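K.L.:
here is a sequence together with a model predicted from it:
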Amino acid sequence: MDRIILVDTPEDWKFLLPLTYFREIPNIRLGILNIREKWEKYAGVPIEVEPVFYLKEIFGGASPGRLFVRSSVLPTPELSRALSELKEGECLTDEEGEWVACRTETSVLPEEMAARRSEGGFDIRRVAARRLRRPWEAVELNGYEIERDGRLLGLESRIPPGIQVLGTRPVYVDPSAEVDAAVLDAREGPVYVGPNVRIFPFSYLKGPVAVLNHSLVKAGTRIYNGTTLGPWTKVGGEIKNVLFFGYSNKGHDGFLGDAVVGQWVNFGAGTSNSNLKNNYSPVRMYVPATRTYESTGRQFLGLVMGDHSKTAINTSLNTGTVAGVSANIFTRDFPPKFIPSFNWGGDAPGHTYHLERAKETARKVMQRRQIPFDERMERLFDAVWAFSARIEQGNQI
């Protein structure tokens with residue numbers, strides 16, 4: 001099979017905001033791996049990414065190719081086989097008729113694919129495929145993806161002496177991890193503990209759960225099913241069904257549940273979010289791309305928070321809150337259910353947090369993890385600042 005080019009479509013990218021302001025869709029983590037890494041494992045061929053908007057200017061695009069896959073599509077063994085059987089001039093669509101993949105004789109971008117399909121320029125085959133359409137879908141899928149990624153990586157149980165394990169599902173603890181007097185509950189799902197992880201005494205982890213490299217779980221932490229701690233994440237308190245992309249801190253007491261958290265986020269001590277409405281009705285969540293609220297169909301849904309955002313101590317977040325990127329949240333009352341990007345305070349208009357101050361904070365935070373705030377990151381912040389203002393103020397892009 002040819003190398004695969006994962007294509008971000010403008011529509012998919014916009015509807016996954018604020019998670020995509022700082023990254024292409026294939027770099028969204030779901031389970032243990034991100035989408036790009038999943039494709040590399042399933043397909044066994046080189047993967048390139050074709051981004052959109054300013055991300056293409058900063059990260060560059062893919063080199064010319066022939067096999068294009070929509071980057072919001074989650075790979076499966078069946079879909080990988082269908083790609084390997086795809087002939088020149090054929091496209092795969094999902095059951096709704098949305099394009100999934102195309103093999104072309106010459107390099108063709110998605111807009112041209114759509115035009116050629118409408119003109120009968122492609123032969124169409126339908127396949128079963130699931131796309132990540134909205135940020136809150138990651139909450140629903142994360143536990144399932146932890147289990148799938150564990151099988152994909154071929155992980156088998158490895159339990160060092162001195163660890164209390166409940167149940168019979170796989171428990172993998174990397175040889176370099178330090179797990180002291182913790183309980184790993186594998187009765188309902190697997191538990192994965194990656195390289196150089198430290199889990200302090202009296203912590204409880206209920207699978208499916210994944211703790212990735214260099215993460216720290218503080219003493220007495222309770223982590224419940226469906227949770228991923230991405231690389232270099234530090235947590236304490238109570239966490240349930242939360243996907244941390246990585247490099248974020250919730251190091252103190254407080255509850256975080258049914259949430260998606262970007263990189264370089266910090267939760268002040270005592271921060272908690274609600275994940276259930278008092279009337280038990282389905283949660284509605286704000287969509288920045290349309291500036292409207294959508295019903296998620298989920299009874300339990302807490303928070304979606306973009307990269308570099310932070311909360312003050314004892315912040316209480318409403319059910320179904322969306323926070324943009326580089327927002328600093330500190331209010332006496334509940335913050336609104338949508339907190340714009342580059343917000344200062346939580347209830348002010350967006351872009352009240354000066355760009356240069358936001359960059360200076362990010363520079364300090366990243367240096368603590370020995371990651372340079374380089375020229376490309378400088379350009380990325382500038383682009384995110386301008387683009388988020390256009391989107392969140394309702395301007396066309």
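P.N.:
Perfect, thanks for sending it. Source: prediction; values computed, not measured.
K.L.:
okay, and the beta partners of V7?
P.N.:
Beta bridges link V7 to E50, R70 when assigned by DSSP bridges.
K.L.:
pull the number of nearby residues for it.
P.N.:
By other C-beta atoms under 10 Å, the residues close to V7 number 29. From N, CA and C alone the C-beta is placed, and that goes for glycine too.
K.L.:
wait, it sits on F68?
P.N.:
Yes: contact status for V7 versus F68: in contact at 5.3 Å, counting by C-beta atoms under 8 Å.
K.L.:
need phi/psi at E48.
P.N.:
phi -120, psi 160 (degrees, to the nearest 10).
K.L.:
quick one: the nearest residue to it once chain neighbours are set aside and W13, what's the gap?
P.N.:
The shortest distance from E48 to any non-neighbouring residue, by C-beta to C-beta, 6 or more residues apart in numbering, is to A62 (3.8 Å). Going from A62 to W13 by C-beta to C-beta, to the nearest Å gives 15 Å.
K.L.:
look at these two and report which has more neighbours.
P.N.:
Between A62 and W13, counted using other C-beta under 10 Å, the more crowded position is W13 (22 against 18).
K.L.:
for that one, phi and psi?
P.N.:
phi -60, psi -50.
K.L.:
and the gap between it and S272?
P.N.:
31 Å.
K.L.:
other SSEs contacting the longest helix along the chain?
P.N.:
Ranked by residue count under DSSP state H, the longest helix found in the chain is helix 375-392. With contacts defined as 3 or more C-beta pairs under 8 Å, 6 or more residues apart in numbering; DSSP states H and E, helix 375-392 has these neighbours: helix 53-59, helix 355-367.
K.L.:
packing partners for the shortest one?
P.N.:
Spelled out, that is helix 53-59. Using 3+ C-beta pairs under 8 Å, 6+ apart, helix 53-59 sits against helix 375-392.
K.L.:
mind listing what's buried in the helix it packs on?
P.N.:
M377, L380, F381, A383, V384, W385, F387, S388, I391, E392 (16 or more other C-beta atoms under 10 Å).
K.L.:
ok, and what's touching it?
P.N.:
For helix 375-392, the surrounding residues in contact (C-beta atoms under 8 Å, 6 or more residues apart in numbering) are 14, 17-18, 21-22, 53-55, 57-58, 288-289, 291, 324-326, 340-342, 350-351, 355, 358-359, 362, 366, 397.
K.L.:
dump the residue contacts of L30.
P.N.:
So L30 contacts K38, L74, L132, A138, L141, N142, E145, L243 (C-beta under 8 Å, 6+ apart).
K.L.:
correction: the previous question concerned V193.
P.N.:
Y172, V173, D174, A177, V179, L184, I199, V211.
K.L.:
same deal with L301?
P.N.:
W136, V139, D258, N275, V283, M285, T319, G320.
K.L.:
one more time with 10 Å, if that's ok
P.N.:
136, 139-140, 241, 257-260, 273-277, 282-285, 319-321 (C-beta atoms under 10 Å, 6 or more residues apart in numbering).
K.L.:
what do you get for L86?
P.N.:
M1, D2, R66, L67, V69, L92, A101, C102, R103, D123, R125, V127.
K.L.:
among the residues you listed, name the ones in strands.
P.N.:
L67, V69, L92, A101, C102, R103, D123, R125 (DSSP state E).
K.L.:
can those go into a markdown table with extra columns for pLDDT, neighbour count and distance to L155?
P.N.:
Putting the ones in strands among the contacts of L86 into a markdown table (pLDDT from 0 to 100; neighbours: other C-beta atoms under 10 Å; distance: C-beta to C-beta, whole Å) gives the following:
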| residue | pLDDT | neighbour count | distance to L155 |
| --- | --- | --- | --- |
| L67 | 94 | 18 | 29 |
| V69 | 96 | 26 | 26 |
| L92 | 94 | 23 | 30 |
| A101 | 95 | 25 | 28 |
| C102 | 92 | 26 | 34 |
| R103 | 92 | 21 | 33 |
| D123 | 82 | 12 | 39 |
| R125 | 88 | 15 | 33 |
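K.L.:
these: which two are farthest apart?
P.N.:
Taking C-beta to C-beta, the two most distant members of these are V69 and D123; they sit 16.9 Å apart.
K.L.:
pull out the buried residues from the contacts of L301.
P.N.:
136, 139-140, 241, 257-260, 273-277, 283-285, 319-321.
K.L.:
inside strands: which ones of those?
P.N.:
Using DSSP E, the members of the buried ones among the contacts of L301 that fall in strands are N241, G257, D258, A259, V260, N273, R284, M285, T321.
K.L.:
tell me which two of those sit farthest apart.
P.N.:
Most distant of these, by C-beta to C-beta, are N241 and R284, 18.7 Å apart.
K.L.:
burial count for I4?
P.N.:
27.
K.L.:
looks like it contacts I35 (just checking).
P.N.:
No: look at I4 against I35 with C-beta atoms under 10 Å: they stay out of range, at 11.5 Å.
K.L.:
which residues are in contact with each of those two?
P.N.:
With C-beta under 10 Å, 6+ apart, I4 and I35 have common neighbours I47, V49, S71, P75.
K.L.:
wait, which of these is closest to G346?
P.N.:
Closest to G346, out of all of the shared contacts of I4 and I35 and judged by C-beta to C-beta, is S71, at 32.3 Å.
K.L.:
what about the closest one, neighbour count?
P.N.:
28.
K.L.:
enumerate every residue touching it.
P.N.:
Contacts for S71 (C-beta under 10 Å, 6+ apart) come out as 4-9, 12-13, 24-28, 35-36, 39, 47, 49-52, 131-132.
K.L.:
repeat the analysis, applying 7 Å as the threshold.
P.N.:
Residues in contact with S71 (C-beta atoms under 7 Å, 6 or more residues apart in numbering) are L6, V7, D8, E24, I25, P26, I35, V49.
K.L.:
the residue lying closest to P340 once chain neighbours are set aside: how many residues sit nearby?
P.N.:
Using C-beta to C-beta, 6+ apart and skipping residues adjacent in sequence, the residue nearest P340 is G350, 2.8 Å away. Residues contacting G350 under the criterion other C-beta under 10 Å number 21.
K.L.:
cool, and the one 10 residues further on?
P.N.:
For E360, the neighbour count with other C-beta under 10 Å is 12.
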